[in-house]
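1. Dropping a prediction and its sequence here:
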2 protein chains.
Amino acid sequence: MAMQAAGTDRPATIHDIAAMCGVAASTVSRALSTPARVNIRTRARIEAAAAELNYTPNNQAKALSSGRTGAVGVLVPDITNPFYFDLIRGTQLQLKAAGYTQLLVDTEESDEVEASSMEQLRKSADGIIVTASRLSDEALLAAAAKVPIVTINRDVVGVPAVVIDTPSATSQALDHLVSLGHTRIAYMAGPLTSQSSTLRWNALAAAAEDRGVDVRRLGPFAPKTQSGAAAADAAVHSGVTACIAFNDLIAIGMLQRLRERGIRVPEDMSVVGCDDIFGADFCNPPLTTMASPIEQAGRVAVSMLLAQLNPLAGGGNRSRSLMPTHLTVRGSTGPVRHS
Amino acid sequence: MAMQAAGTDRPATIHDIAAMCGVAASTVSRALSTPARVNIRTRARIEAAAAELNYTPNNQAKALSSGRTGAVGVLVPDITNPFYFDLIRGTQLQLKAAGYTQLLVDTEESDEVEASSMEQLRKSADGIIVTASRLSDEALLAAAAKVPIVTINRDVVGVPAVVIDTPSATSQALDHLVSLGHTRIAYMAGPLTSQSSTLRWNALAAAAEDRGVDVRRLGPFAPKTQSGAAAADAAVHSGVTACIAFNDLIAIGMLQRLRERGIRVPEDMSVVGCDDIFGADFCNPPLTTMASPIEQAGRVAVSMLLAQLNPLAGGGNRSRSLMPTHLTVRGSTGPVRHS
DNA sequence: TTCCCAATGACAACCGATTGCCAAATGTTG
DNA sequence: CAACATTTGGCAATCGGTTGTCATTGGGAA
């Protein structure tokens, strides 16, 4: 039997409710947010009126007066990189569960866009999750002083971070290749500004020395399938029998190029990717890769951020979380061919 | 030599600027938004002060008082579906170019989440782009009456829409298969609530009758690679020699399953997908598919929405835009094998 | 019955901008 | 030089809530 106020098309406000119940707007506000503060019967009337008017709070106004926006910004360098799909889904799920809204921003791999987005978000979000930041340590620290931040795959002392432990996985990958008989191996590096790429290379170089095998670094290559062609050519030219790519996009691009050139995978060249993104399981051949718990990383980052925002809720806010990875062996790696 | 006001850590407001220049806040507001309305020298002083204080407008407050939020909501049914990656990138680029912010929402293929998101967005966005809506025609029309909307791949009279012309592409796909000698063909349908799926089937059925070939409808199947297994089994069981899938995800899933079962593609079964998503070119075999100008569709949708928001700017706001498609033939289709 | 205190509800300031309206200052014209 | 038109800048209300403060009310204890 609920009837809308005739002609009133715009969304209902607490003032409409207040008028309908004959109370002050502040009472309505309290009834809805601090129920204990208001007589239970009054509250019932207010809630009924709210339901009848189909009331939804205006969170712009809410944010303005309370300072809390109920939103969290998520910065990704490239929205079309499948790696971020799962990440975004992870953050989205966890944020929604906590009643927060996700503001997704594509920073286009630019530190300037990243910086200006953070400045902007500082006022329209309660906190920010920054993935694979291109900013300097100083800039990141300065930003973290102004607004709660959690980084993903970017480790700076003083800034809470979720780090996917791909460096350790690269050692596993190396062991895998060594056990297949490979001794000449290449690392196809990612962007120079990528901390992840550097850390992986360091881990790889150290492990290679341990095992006494020859690992050289090639690149840098942009993290896109298109770069895979150049990477493949470089790998072939360098005379290695196996390579470990910065990520799956490069690896998949390499597979395509190697196929074009008639170089068989894994017979002539073994390829290992990183991340286990969408497509890694159905490319040709299916890609051996270091599987990252990407979606989970997104969820953990949100949890850490929310713990920072509501310190009361306990849950001891860790400042750093290392996500384990493991090697998933598929068809793109095989025994070295003794020619 | 710019110095920050000592100790003041919070973002500067127009009041800070006003105080620094000895004018009223409203003058600052005008100087920044309606420059012609203010003395050029005063404006210069204000701009200098704004720069010095590192001022950025608080768009929450801006939205509250002006009614314009400078944001556009984009609703997608499943953020992890690669089809939407390019779409999102398209909307993101065009929105950013126009100075708008994108609010991305994953409706989880649920009409209820979709409806509540729209109600929410109605207050925090100037307009909404709705992709592959699960809502009824009536609900969509009602929503469009309250807030500017542009739909993508959902055609309802009275609601501006961008429609990717996949129905016509399915006819091309059929012709392609017929020219390869196939006469028994299956359509692997998408969700029952998907208008696109229905339209494609109608176009396909009509074209099949024209050509005198047998096309049957199987499914429905969820638009995920996992559903491809069931789809593949159904196709094999039905005795067809070729099939046209609702989208690339199903098609790619089918390829995997067929491979598992030792059924060769395209020798034993030809498969056609739809959309040409990320991965369609490097799966095994590469997928013949109907290529959609997805990113462009996103951009056009934004243009149509912005035209609706700023009617003055001219640009004759079309209410419907049909995006052309074409068949991209790769390795998953081949001549029928006469056994 | 009286007194006191806790529970309750209303008022009003405030968040950071926009904007209608008016007054002061400026410039132009007869 | 007076009268008028035109800029230009400021006041104050407004958007939709939150929140500190205070007056009122009711109930329970003495």
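-> Arrived safely. Numbering: from 1, shown residues only, chains lettered A, B, ... in the order given.

2. Would you map the strands across the stretch 1-150 of chain A?
-> Ranges of strands within the stretch 1-150 of chain A are A:71-76, A:101-106, A:127-131, A:149-152, based on DSSP state E, counting those that start in this stretch.

3. which stretch of helix or strand covers the residue lying closest to A:Leu141 once chain neighbours are set aside?
-> Spatial nearest neighbour of A:Leu141, excluding adjacent residues (C-beta to C-beta, 6 or more residues apart in numbering or on different chains): A:Gly158 at 5.6 Å. Bear in mind the C-beta positions are built from the backbone N, C-alpha and C, glycine included. If you go by DSSP states H and E, A:Gly158 is not part of any helix or strand.

4. Ok, which of the strands of the stretch 1-150 of chain A comes nearest B:Arg10?
-> strand A:127-131 (16.0 Å; C-beta to C-beta).

5. A:Gly279 is in contact with A:Pro82, correct?
-> Yes. Judged on C-beta atoms under 8 Å, A:Pro82 makes contact with A:Gly279 at a distance of 6.5 Å.

6. Overlap in contacts, the two.
-> By the contact definition C-beta atoms under 8 Å, 6 or more residues apart in numbering or on different chains, A:Pro82 and A:Gly279 are jointly contacted by A:Asp248, B:Phe278.

7. Test my guess that A:Thr333 contacts A:Thr288.
-> Yes. Counting by C-beta under 8 Å, A:Thr288 is a contact partner of A:Thr333 at 4.2 Å.

8. which one of the two has more residues nearby?
-> Remark: of A:Thr333 and A:Thr288, A:Thr288 carries more neighbours, 27 against 24, as counted by other C-beta atoms under 10 Å in any protein chain shown.

9. Quick check, the more buried one in contact with A:Leu327.
-> Yes. Counting by C-beta under 8 Å, A:Thr288 touches A:Leu327, with 7.2 Å between them.

10. Overlap in contacts, those two.
-> A:Ala173, A:His176, A:Val272.

11. What pLDDT does the model give the residue of the stretch 201-339 of chain A found nearest DNA strand C?
-> Nearest to DNA strand C in the stretch 201-339 of chain A, going by C-beta to the nearest atom of the strand, is A:Leu309, at a distance of 18.4 Å. Here, the pLDDT recorded for A:Leu309 equals 86.

12. Spit out the contact partners of it.
-> Contact analysis of A:Leu309 by C-beta under 8 Å, 6+ apart lists A:Asp126, A:Gly127, A:Pro148.

13. what's around the second one, how many residues?
-> The burial metric for A:Gly127, expressed as a neighbour count using other C-beta under 10 Å, is 21.

14. for the one 10 residues further on, same thing?
-> The tally of other residues near A:Asp137 (other C-beta under 10 Å) stands at 15.

15. what separates the residue of the stretch 201-339 of chain A closest to DNA strand C from DNA strand D, distance-wise?
-> 14 Å (C-beta to the nearest atom of the strand, to the nearest Å).

16. And that residue, how close does it get to A:Gly99?
-> The gap separating A:Leu309 from A:Gly99 is 12 Å, by C-beta to C-beta, to the nearest Å.

17. What is the nearest of the contacts of A:Leu309 to DNA strand C?
-> Nearest to DNA strand C, judged by C-beta to the nearest atom of the strand, of the contacts of A:Leu309 is A:Asp126 at 14.6 Å.

18. Am I right that the closest one is in contact with A:Gly70?
-> Yes. Using C-beta under 8 Å, A:Asp126 is in contact with A:Gly70, at 7.0 Å.

19. in stretch A:87-106, what's buried?
-> The neighbour-count check on stretch A:87-106 (16 or more other C-beta atoms under 10 Å in any protein chain shown) flags A:87-96, A:100-106 as buried.

20. Contacts only, for the residue in the stretch 151-300 of chain A that chain B sits nearest to.
-> Residue of the stretch 151-300 of chain A nearest chain B, by C-beta to the nearest C-beta: A:Asn284 (3.6 Å). Residues in contact with A:Asn284 (C-beta under 8 Å, 6+ apart) are A:Leu255, A:Arg259, B:Phe282, B:Cys283, B:Asn284, B:Pro285.

21. what about A:Thr183, neighbour count?
-> A:Thr183 has 16 neighbours, counted by other C-beta under 10 Å.

22. quick one: stretch A:319-333 near chain B?
-> No. Applying C-beta under 8 Å from any C-beta of the partner chain, one finds stretch A:319-333 out of contact with chain B, separated by at least 9.8 Å.

23. same check, this time on stretch A:102-120
-> Yes. Stretch A:102-120 is in contact with chain B by C-beta under 8 Å from any C-beta, via A:Gln102, A:Leu103, A:Leu104, A:Asp106, A:Glu119, A:Gln120.

24. any low-confidence regions in the stretch 1-150 of chain A?
-> The model of the stretch 1-150 of chain A has pLDDT under 70 over residues A:1-9.
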